[in-house]
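Asks: take a look and give me a structure for this.
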Amino acid sequence: MYKDFIGRKLGRLKITDCLYKNDGKRNRAYFTCICDCGNQVEVNGDAVRSGATKSCGCLCLETRKERATKHGMHGTRFYHIWGGMKTRCYNNKDTGYSLYGGRGIKVCERWDSFDHFKEDLFDSYKEHVEMFGEENTTLDRINPNCDYTLDNVRWATRGIQNHNKRQRENTTSGITGVTRHKSRNKWRAYIQVDKKVIHLGYFDELEKAAEARKIAEIKYYG
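Replies: Numbers count the residues shown, from 1 in each chain. Next up, the predicted model:
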């Protein structure tokens, strides 16, 4: 199984070989890798596969250097949201890891950099905060089965996020307000407003049903 990874690139690491070492309890797989920076390293295979290890260590150094820069965001809620997102996906000791990293949810490589995360989302964050308040502004994934990427995240109030979470548990698509209608063999989109369910239509393609739901959210939820 691990041999199949030879030649693949995960994060900054290109896997060139696989070997097994006995740690006294069992044989563990280790990958020999070439990092983008040029270093050759030997790393735990499970750590590379899960995304916990993405480089020879140069990425960590860059992150530390970035944290030392004076972007003035340390201690802010926006910075905490970025850090919490990464912790849930890559720290297997975090209480939320089983629902995120444990399910294979990752953060896009661009957002390894806080500056890039800020560049992409800070303006929309400020707009949402102005409307709903800082403590009521959360980062929500549109499709909970997909990664943290620019086209799969939005800002949502805690109430909407909690409501969406309950709805997702009852859908067949994993997308809030989109479910499969068996008799019609189509995707049905709907939205709930003040305890009233508003039907948005039936669609052949899941993407179109999801888009109809997004448009309705803007209309009814702002």
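Asks: please make it C-alpha for all contacts and neighbour counts, starting now.
Replies: Noted.
Asks: is residue 153 in a bridge, and if so with what?
Replies: residue 141 (DSSP bridges).
Asks: so it makes contact with residue 144?
Replies: No. Applying CA atoms under 8 Å, one finds residue 153 not in contact with residue 144, separated by 9.6 Å.
Asks: export the one helix or strand residue 127 maps to as CSV, just CAs?
Replies: Residue 127 is part of helix 114-132, with elements assigned from DSSP states H and E. The C-alpha coordinates for helix 114-132 follow below in CSV (Å, rounded to 0.1, in the frame of the first residue of the first chain):
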residue,chain,number,x,y,z
PHE,A,114,-1.8,33.7,7.3
ASP,A,115,-1.1,36.6,5.0
HIS,A,116,-2.8,34.8,2.1
PHE,A,117,-5.8,33.9,4.3
LYS,A,118,-6.1,37.5,5.3
GLU,A,119,-5.8,38.7,1.7
ASP,A,120,-8.6,36.4,0.6
LEU,A,121,-11.1,36.8,3.5
PHE,A,122,-10.4,39.8,5.7
ASP,A,123,-12.5,42.2,3.7
SER,A,124,-15.6,39.9,3.7
TYR,A,125,-14.9,39.2,7.4
LYS,A,126,-15.1,42.9,8.3
GLU,A,127,-18.3,43.3,6.3
HIS,A,128,-19.9,40.4,8.2
VAL,A,129,-18.6,41.7,11.6
GLU,A,130,-20.1,45.1,10.8
MET,A,131,-23.5,43.5,10.2
PHE,A,132,-23.6,40.8,12.9
